[in-house]
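**Q** Fold the stuff below for me.
(2 chains)
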Amino acid sequence: MSLDAVLQTFYVEAQEHLELMENVLLKIDEGECNDELLNEIFRSAHTIKGSAGIFGLDHIVNFTHVVENVLDRARDNEITLEKSLVDILFNCRDHIQKLVSVNLEEFNAQSELQNIGKDLLEALSPWTSSDEESGSTQNSQNLETENKETSSAELENENDNCWHISLRLSADCLKNGMDPLSFIKFLTSLGEIKHIETLIDNFPNTKNYDAEALYFAYEIALQSEASLEEIENTFMFVQDDSNITILPPSAKVDDYLHLIEKLPEENQRLGDILVNCGSLTKHSLEQALASQSHENINAEEPKSNHKLGELLTEQHKVSKEVINAALTKQQQNKSKASEGKQIRIDSNRLDHLINLIGELVINQQRIELLSKKTNNPVLIEAVDDFDNFTNQIRDAALNLRMVPIGGTFQRFKRLVRDTAQELGKEVELTIEGADTELDRLMVEKLGDPLTHIVRNAMDHGLESIEDRTAVDKDIKGQLKLSAYHEAGHIVIAISDDGNGINKERVREKAIEKGIINPESQLSDNELNHLIFHPGFSTAAAVTNLSGRGVGMDVVKRNVEALQGSIDIDSKEGIGSEFKIRLPLTLAIIDGFHVEAKSTHFIIPQATIIECIDLANHEDIKGRHCINLRGDMIPYLNMTEIFNLTPSLDVSVADALAQTPTKKELVIVQFGNDVAGIAVDKLHGEIQTVVKPLGPIFKALKGIGGSSLLGNGDIAFILDIPQLIELAITNEANNKADAINISPNEK
Amino acid sequence: MSKTILIVDDSASIRQVVSITLKGAGYEVVEAVDGKDGLSKLDGKKFHLIVSDVNMPNMGGIDMVKAIKQMPAYKFTPVIMLTTEASDDMKQQGKAIGAKAWMVKPFKPEQMIQAVSMLT
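**A** Predicted structure coming up:
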């Protein structure tokens, strides 16, 4: 693997962290703010910065560092994430995204980008702090509390600003890879060690001496303004099997006596040591030791070694609640870890696997065909089993490529928030069916069309606050994104409770732009669909967001490229709903195999309603239209549409047998439209792998792809939405022709 | 036999950079995504060195190293901590738990190899 490939990993990773940051910011913006979220967003910024540094992407590091600094302060509760800061952080996140998309040279060349960065950092400055500043404020705070403590302790304590630390580390300390010297060195970073006494009482005779064991004990007087927690943290890695007592500068003589009692060494000697440390005066020690013999102060106190934690709770330094809170936190982290059992794989590998499974499916069909020819029941049964498993493998593999649409929907939260702010409207976004799964390929391509529809809905659909109040609607506009399954398809609906499409204006505009004739009679549905016409826009003023008249036609084209369709349902004054219908997957489909003039076609199974015999239904006035149980259904003859001639290798006998063809009609549906497809032969259900057609065939209408049949023949996969559209327009033209012609005929 | 190194970092890109660097220098590398994963990757196998990030989800580097140092088999396994925080007390904290070296991100591959070769 080269470093370039790693750089790719970095980009993917940065993208993920940026998404995470956005989600967290959205939650904070909605008023949900807790330590976990702050930690999460901090870590994201931190990781982006760290990784960018490895690759020398200094432009990312320098900017992200400041953002990280602000987030760190928020995490430490030094600042609160108020609305204005959240807004800036949103912009900072976007800026990081831009920074990630350019390399260092590009960045240096783009002064605009640099200026945006500078402005953002400037905007952040009220919340940032240089390390020195924060350090000094903290210190002064500590000083204050320290002073209070010492003032109360002065009377009793001779060495007023000194902590006394009594270290009895476990004998295994060195074996565990921990050097007591490193703790002592660390203490010097917290303050000044006024006195240190090393006790060698535990030192055994040479016979029992273990060179790896630790026999020393320490009594330390530390002059420091550090908090108990900071000092205690020094020993956090050894505290479990060691006996450590930390006495604050304010400790009373009794506390020292308590300590002396607890420690294994001889009392008088310890006393002397404490005096040496300056923790006690000789006078107070003598007094105390004398009084100790009279009243057994520590009688009820067990002499067993206390763990530091227990001691601390005894001294009420750490409340039980804090410990409990820490425990629940640990629990939560555990459950989170199990949720995250996922692996990441290269999508190309996945596509390769799906391709191979496609080949497997084709081969399986070939075997099935061959086995049937043998009439061997055992073989046929075995092949049937094989078929069953092949299907399961296929489904499992396809499932790997399915991702929930939720991720895509989530991104709209931000878009809606920003757009609403820009337009001065209030919009509430609801999301439904976020866990509906869709082929990854489709999810990627859906982003743009969805963005456009959502923007349009907010810009043109939802009214301004004044307009909404005028018509007695809630000032908060409702926007809903939902996804659900319907008849072998996935439907993604975007609905709003806005003004709806003004059909009269659409009509006027279409006439003005020359899209329709002033005389044409159009149904509501047809009027609505005019907005997908290239170059159509009804917005009086072109706003920043939409209204330039490019877009809705692109939306339609994008959706159709995914074998999908788009529908509009709109009621004036009540709202509009855009429905995008998409197939479940693009790779392998359940199809219905038909034949016309020895050419094989596959009709996607999900679109088929029924198969009928064409001869039994009367054709209406040569208009390629039949009456099916009262409904007028236009149909297309495959032989005519594709100008098919029988292939050359068909024997004369076959050709003769076929001549008076008995036509079969397959009734298909897409969305609300129904049409028939007339073919010669029905072959039955088949699983097929969709192979895209080359670019030369792009212009070909009605064919969505090709596929290999089990016997090696090629079959064309029919693009049903396009064919239905064709059938309907043909029918309409025929009708018009019939009307035009009829007067002449008379 | 080449020496085996465990690298623990939640950032895939950093893991890969370290991994490529060390593999290039002839080491075997095992990757883990966080402290918990790091502990499970140990799995009783022999590791000559552990390289770990500090700030990670689920279980941070300090906690992981603390836990590792409790295991007899890994008591003496040297640890290099990686971090973006260069503050002294972080370094000291790392040293206190038995980390032998402290590398501040970003680091150069040569620095990494030098540190690793000193410790293995």
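**Q** From here on, just use CA atoms for contacts and neighbour counts.
**A** Fine.
**Q** burial measure for residue 26, as a count.
**A** Reading this off chain A. 18 (other CA atoms under 10 Å in any protein chain shown).
**Q** Actually, chain B is the one I wanted.
**A** 13.
**Q** what does the one 4 residues further on give?
**A** Number of residues near B:V30 (other CA under 10 Å) recorded here: 17.
**Q** With A:P377 instead?
**A** 11.
**Q** Tell me where the stretch 101-250 of chain A is predicted with low confidence.
**A** When residues are selected by pLDDT under 70, those of the stretch 101-250 of chain A lie in A:129-161, A:176-178, A:233, A:236-241, A:250.
**Q** Can you give the distance from the top helix by length along chain B to the centre of its chain?
**A** Secondary structure of chain B per DSSP state H: the longest helix is helix B:12-24. How far helix B:12-24 lies from its chain's middle: 12 Å, per CA atoms, centre = their mean, to the nearest Å.
**Q** For stretch A:685-705, give me every contacting residue.
**A** A:358-359, A:361-362, A:563, A:586-593, A:605, A:706-709, A:716-720, A:722-723 (CA atoms under 8 Å, 6 or more residues apart in numbering or on different chains).
**Q** next helix or strand past the helix or strand bottoming out on mean pLDDT in chain A?
**A** Ranking every helix and strand in chain A by mean pLDDT, DSSP states H and E puts helix A:131-153 at the bottom, with a mean of 36. Using DSSP states H and E, the next helix or strand after helix A:131-153 towards the C-terminus is strand A:162-168.
**Q** gap between that next one and the chain center?
**A** Taking the mean of its C-alpha atoms, strand A:162-168 sits 50 Å from the chain's own mean (CA atoms, centre = their mean).
**Q** Ok, stretch A:207-225 next?
**A** The chain centroid and the centroid of stretch A:207-225 are separated by 52 Å, computed with CA atoms, centre = their mean.
**Q** about what we covered before: helices or strands next to the longest helix of chain B in the packing?
**A** helix A:3-29, helix A:35-54, strand B:4-8, strand B:28-32, helix B:109-119 (3 or more CA pairs under 8 Å, 6 or more residues apart in numbering or on different chains; DSSP states H and E).
**Q** Just the buried residues of the first one, please?
**A** Buried residues in helix A:3-29, counted by 16 or more other CA atoms under 10 Å in any protein chain shown: A:6-7, A:9-11, A:13-15, A:17-26, A:28-29.
**Q** Also stretch A:112-126?
**A** By neighbour count on 16+ other CA under 10 Å, the buried set for stretch A:112-126 is A:113-114, A:117, A:120-121, A:123-124.
**Q** quick one: which two of these are the most distant?
**A** Taking CA to CA, the two most distant members of the buried residues of stretch A:112-126 are A:L113 and A:L124; they sit 16.6 Å apart.
**Q** Which helix or which strand is home to the spatially most central residue of chain B?
**A** Nearest to the mean C-alpha position of chain B, counting by CA atoms, centre = their mean, stands B:V51 at 1.2 Å. Assessed by DSSP H and E, B:V51 sits inside strand B:49-53.
**Q** Pairing partners for that strand, with directions?
**A** Sheet pairing here is set by DSSP bridges, and for strand B:49-53 it gives strand B:4-8 (parallel), strand B:79-83 (parallel).
**Q** hmm, which of the contacts of stretch A:685-705 are the buried ones?
**A** Here, 16+ other CA under 10 Å leaves A:358, A:361-362, A:563, A:586-589, A:591-593, A:605, A:706-709, A:716-720, A:722-723 buried among those.
**Q** Mind checking which of those residues land in strands?
**A** Residues of the buried ones among the contacts of stretch A:685-705 located in strands (DSSP state E): A:588-589, A:591-593, A:706-708, A:716-718.
**Q** For chain B, which residues are neighbours of chain A?
**A** Within chain B, the positions near chain A by CA under 8 Å from any CA of the partner chain are B:11-14, B:16-17, B:20, B:55-56, B:58, B:66, B:69-70, B:75-76, B:83-84, B:89, B:92-93, B:95-98, B:105-108.
**Q** List buried residues within these.
**A** Buried by 16+ other CA under 10 Å: B:11-14, B:16-17, B:20, B:55-56, B:58, B:66, B:69, B:75-76, B:83-84, B:89, B:92-93, B:95-98, B:105-108, out of those.
**Q** which residues are in contact with the lengthiest strand in chain A?
**A** Longest strand of chain A, by residue count under DSSP E: strand A:476-486. Contacts to strand A:476-486, defined as CA under 8 Å, 6+ apart, come from residues A:405, A:409, A:425-434, A:436, A:462-463, A:465, A:490-498.
**Q** can you list the strands paired with strand B:49-53 in JSON lines and add mean pLDDT?
**A** Formatted as JSON lines, the strands paired with strand B:49-53 follow (pLDDT from 0 to 100):
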{"stretch": "strand B:4-8", "mean pLDDT": "92"}
{"stretch": "strand B:79-83", "mean pLDDT": "83"}
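**Q** okay if I get the ones you listed as JSON lines plus distance to A:N375?
**A** Converted to JSON lines, the strands paired with strand B:49-53 look like this (distance: least, CA to CA, whole Å):
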{"stretch": "strand B:4-8", "distance to A:N375": "59"}
{"stretch": "strand B:79-83", "distance to A:N375": "69"}
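**Q** Of those strands, which is nearest B:K45?
**A** Comparing those by CA to CA, strand B:4-8 comes nearest, at 9.3 Å.
**Q** what angle do that closest one and helix B:12-24 make?
**A** Calculated by axes from the mean of the first three to the mean of the last three CA atoms, to 10 degrees, strand B:4-8 forms an angle of 170 degrees with helix B:12-24.
**Q** one step back: direction included, what does the longest strand of chain A pair against?
**A** Listed by DSSP bridges, the sheet partners of strand A:476-486 and their directions read strand A:426-432 (parallel), strand A:489-496 (antiparallel).
**Q** Would you tell me which one of those is buried the most?
**A** Across the strands paired with strand A:476-486, averaging neighbours per residue (mean count of other CA atoms under 10 Å in any protein chain shown) puts strand A:489-496 on top, at a mean of 22.
**Q** Now the element after that strand, going C-ward?
**A** helix A:503-512.
**Q** Now do that next one: everything it contacts.
**A** Contact with helix A:503-512 is made by A:516-518, A:524, A:527-528, A:530-531, A:536-538, as judged by CA under 8 Å, 6+ apart.
**Q** in it, what's buried?
**A** So, applying 16+ other CA under 10 Å, buried residues of helix A:503-512: A:503, A:506-507, A:509-510.
**Q** Which helix or strand lies directly C-terminal to it?
**A** For helix A:503-512, the succeeding helix or strand toward the C-terminus, using DSSP H and E, is helix A:524-529.
**Q** tell me the mean pLDDT for stretch A:445-460?
**A** For stretch A:445-460, mean pLDDT is 83.
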